[in-house]
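>>> Sequence first, predicted coordinates after that:
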Amino acid sequence: MKHLILITLTLLALSASGQSNYEKGMQKAFDLWSEQKTTEAANLFERIAQAEPDDWLPPFYVAQIHVLSSFSEKDKEKMIQHMKTARDFLNDAQRLTQDNAEMLVLEAQLLTAWVVYDGQQYGMKYSSKIADLYQKASQLAPNNPRVVLGKAEWDMGSARYFGKPTQLYCEDIARALQLFTTFKPAGPFHPQGGKEYAQQVWEQNCNQ
């Protein structure tokens, strides 16, 4: 659960010629992200969000970068700032799209980051909400591999916390791995990554 990071970085096979400014900007932001230049990538996604106020993807990625960065943050003030920025941009993205499973997964990750940071304070507060978010995402997109993986890893972490067997959820992780090979995103910039991380989860928890 501590490593609940479903990275959506992707190498996009778009031709440089004929690209719009939006496409060039999004490609550049993903390139910066893949180079571990997360601050620069988040800043560029933010500028694109300002230029494209009706598109949920740029604010979604700003929020996601800050959520993922928060998992390894130990400084309380920096953690709070990451999460505040993530929540603000997640709220912006949520206003632009309805019944979006990717949005529910990201919100679950945001709340999970708080649980990871301080389980004693936030575990009871957010656990049921996280489970509800994954349940709703599963109803909306049962064949989305990030939904299947996120729910399985949360359920596995919860089972481990309560001293229950975790092998039950390996079947779902295996299913997520299979779904990653067939999943087709709605567009070239829509979330589509996570297979490598799913493989890590499988090897760490199920490949025994």
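Great, that's in hand.
>>> going forward, measure contacts and count neighbours with C-alpha atoms only.
Noted.
>>> for the record, mean pLDDT for the strand or helix carrying E107?
Of the helices and strands defined by DSSP states H and E, E107 is found in helix 101-117. Summarised as a single mean, pLDDT over helix 101-117 is 96.
>>> residues making contact with that helix?
Counting by Cα atoms under 8 Å, 6 or more residues apart in numbering, helix 101-117 makes contact with 1-2, 4-5, 60, 64, 67, 70-71, 74, 83, 86-87, 90, 93-94, 121-123, 126-127, 129-131, 133-134, 136-138, 140-141, 146-147, 150, 191, all of which sit outside it.
>>> how far out from the middle of the chain is that helix?
Relative to the mean C-alpha coordinate of its chain, helix 101-117 is positioned 7 Å out (Cα atoms, centre = their mean, to the nearest Å).
>>> how about that helix: buried residues?
101-117 (16 or more other Cα atoms under 10 Å).
>>> what do you get for stretch 194-208?
So for stretch 194-208, counting by 16+ other Cα under 10 Å, buried means 194-195, 197-199, 201-202, 205-206.
>>> any low-confidence regions in this protein?
Where the chain drops to pLDDT under 70, the residues are 1-18, 208.
>>> Using the record's domain definitions, break it down for me.
19-97, 121-208 (automatic domain parsing).
>>> what about A198, which SS state?
helix (DSSP: H, G, I helix; E, B strand; the rest coil).
>>> my read: it touches R175, true?
No: with contact defined as Cα atoms under 8 Å, A198 does not count as touching R175 (10.1 Å).
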